[in-house]
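# Mind folding the following:
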Amino acid sequence: MLPPPIPSQPNIAIPSSWTPSAYTYPPLVGDMQMPGSHQPARPFGYSPAHQQYAAQRQIWQTRSYQSCIADTITLSFKELHEVHGKPKGVLVRNLTEGEPNVLASITPPGLRQLGIRRMEPKLTAALGGLRIDWTRVPLREISNWVDLCYQAVDVPYFHARCMSGKPKGKETAPTFKKPAKPFELAFVIDAEHWAEIEQRLADEEAVMCAPYIQAREASKITNLNSQSRSPDRDGNFALSQASFNREGGGSQLAITSTAAKRDRTISNAAPRTHPPSKRRIVYQSPNQDHLRDALLEGGSSYTQLSAKVRRHCCNDFCRWFELPDLTASSSRTDPEVQPPNLDS
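Below you'll find the model as predicted:
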């Protein structure tokens with residue numbers, strides 16, 4: 001009796017450590033059934049899962065020497081948006097979130113899911129309840145600006161960086177060493193997407209503030225109508241004069257009240273400013289040269305003063321009190337004039 005046939009392809013089966021293999025393998029030669037049985041044929045041989053053999057072998061080697069404590073790393077997630085002139089963008093609302101004790105064997109898809117789970121509530125609250133399209137937001141590593149969407153989905157992203165090298169002259173496997181600083185990752189919103197977000201926020205703010213703006217404009221018109229008539233000191237009402245001034249493309253309404261004796265300006269375009277501080281009263285004295293000239297000509301009548309003294313001394317700061325011109329004969333004959341007493 002002839003021996004059973006041997007398969008032409010090699011009987012090799014290497015299971016995957018990350019994803020279960022969809023391929024099945026043939027039974028051993030001794031377990032093969034005789035011809036005529038109804039057992040379905042199963043594919044055997046190499047499969048696409050064998051392409052990850054080198055990476056899986058390294059993971060198995062590391063796991064064989066690891067301790068009971070899991071290898072963990074620390075991550076830091078940020079939210080950025082692109083700005084022209086800044087290659088690495090600007091932080092959005094100071095959104096930064098740390099994540100400690102993350103398994104070092106985490107893959108790029110796991111990093112993205114973890115980051116979205118941590119950053120989405122904070123970003124939604126910062127944008128006033130507005131939700132963004134996360135499919136348009138890539139996840140990048142800040143140090144080298146690598147997009148994790150284009151990395152291998154089955155290979156741990158940070159595990160190889162945490163393995164220490166072999167000492168010289170010793171045949172030992174590399175050991176895991178946790179970095180002192182966290183690995184920084186950032187979700188980057190492109191400029192076009194960020195412009196759409198800002199436009200949506202502006203539209204929502206305009207809709208929410210429309211009733212308040214209308215109420216404020218109505219109150220301004222009411223105050224303007226009530227100030228058009230103001231009582232004066234006698235209790236009468238004096239109509240105010242309103243003049244519209246258009247300067248520089250803006251409109252200003254200037255209301256001048258005759259009773260209040262002051263100008264009131266109401267402007268919607270110009271911002272409100274504080275009134276200027278009042279000047280203190282400055283006391284001034286007449287010029288010393290002018291005063292000396294007046295004293296030199298003292299005792300003279302106003303008609304005898306020179307034009308220079310009249311111009312400089314007879315003003316708001318220096319008043320001239322004219323003395324009557326009396327002669328010796330008139331002082332003796334006039335009974336109203338009392339001569340000085342020389343005996344005292």
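# quick one: the helices in the stretch 101-250 of the chain?
In the stretch 101-250 of the chain, the segments counted as helices under DSSP state H, counting those that start in this stretch are 108-126, 191-226.
# Can you report how many residues neighbour Asn223?
A count of nearby residues for Asn223, using other Cβ atoms under 10 Å, gives 11. No exception for glycine: its C-beta is placed from N, CA and C like everyone else's.
# Distance check, it against Cys209.
Counting by Cβ to Cβ, to the nearest Å, the separation of Asn223 from Cys209 is 20 Å.
# got the CA positions of stretch 101-109 in CSV?
The C-alpha trace of stretch 101-109 is given here as CSV (Å, rounded to 0.1, in the frame of the first residue of the first chain):
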residue,chain,number,x,y,z
ASN,A,101,0.0,55.3,32.4
VAL,A,102,-0.7,54.5,28.7
LEU,A,103,0.5,51.1,27.5
ALA,A,104,3.6,51.5,25.4
SER,A,105,2.2,48.9,22.9
ILE,A,106,-0.5,51.3,21.8
THR,A,107,-0.8,51.7,18.0
PRO,A,108,-1.6,54.9,16.0
PRO,A,109,-5.3,54.1,15.7
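# List of residues touching it?
Applying Cβ atoms under 8 Å, 6 or more residues apart in numbering, the external contacts of stretch 101-109 come out as 18, 59, 70-75, 114, 139, 148-149, 151-159, 162, 176.
# Pro100 against Ser76, yeah?
No. At 9.9 Å, Pro100 does not count as touching Ser76 under the criterion of Cβ atoms under 8 Å.
# Can you pick out the residue with more neighbours from the two?
Higher neighbour count among Pro100 and Ser76: Ser76, with 16 against 10, using other Cβ under 10 Å.
# Who are the packing partners of the strand or helix carrying that one?
Using DSSP states H and E, Ser76 maps to strand 72-83. Identification of packing neighbours for strand 72-83 by 3 or more Cβ pairs under 8 Å, 6 or more residues apart in numbering; DSSP states H and E yields strand 86-103, helix 108-126, strand 183-189, helix 191-226.
# Relative to Cys149, how far out is the residue nearest to Val155 when sequence neighbours are not counted?
Excluding the flanking residues, the one nearest Val155 by Cβ to Cβ, 6 or more residues apart in numbering is Ala55, at 5.5 Å. Ala55 sits 19 Å away from Cys149, going by Cβ to Cβ.
# Compare the two (neighbour count), which wins?
Between Ala55 and Cys149, counted using other Cβ under 10 Å, Ala55 has the larger neighbour count: 17 against 12.
# correct me, but the more buried one touches His159?
No. Look at Ala55 against His159 with Cβ under 8 Å: they stay out of range, at 10.0 Å.
# Give the residues shared as contacts by the two.
Common contact partners of Ala55 and His159 (Cβ under 8 Å, 6+ apart): none.
# buried residues in stretch 141-151?
Neighbour-count burial for stretch 141-151 flags Glu141, Ile142, Leu148 (criterion: 16 or more other Cβ atoms under 10 Å).
# Relative to Ala191, which of those is nearest.
Nearest to Ala191 among those is Ile142, at 18.3 Å by Cβ to Cβ.
# quick one, what contacts the spatially closest residue to that closest one that is not a sequence neighbour?
Leaving aside its chain neighbours, Ile142 sits nearest to Glu184 (4.2 Å; criterion: Cβ to Cβ, 6+ apart). Contacts for Glu184 were tallied using Cβ under 8 Å, 6+ apart; they are Leu75, Ser76, Lys78, Glu141, Ile142, Ser143.
# what's around the nearest residue to Trp194 once chain neighbours are set aside, how many residues?
Nearest non-adjacent residue to Trp194, counting by Cβ to Cβ, 6+ apart: His81, 4.2 Å away. A count of neighbours around His81, defined by other Cβ under 10 Å, yields 21.
# what do you get for the one 3 residues further on?
Applying the criterion other Cβ under 10 Å, we find 6 residues in the vicinity of His84.
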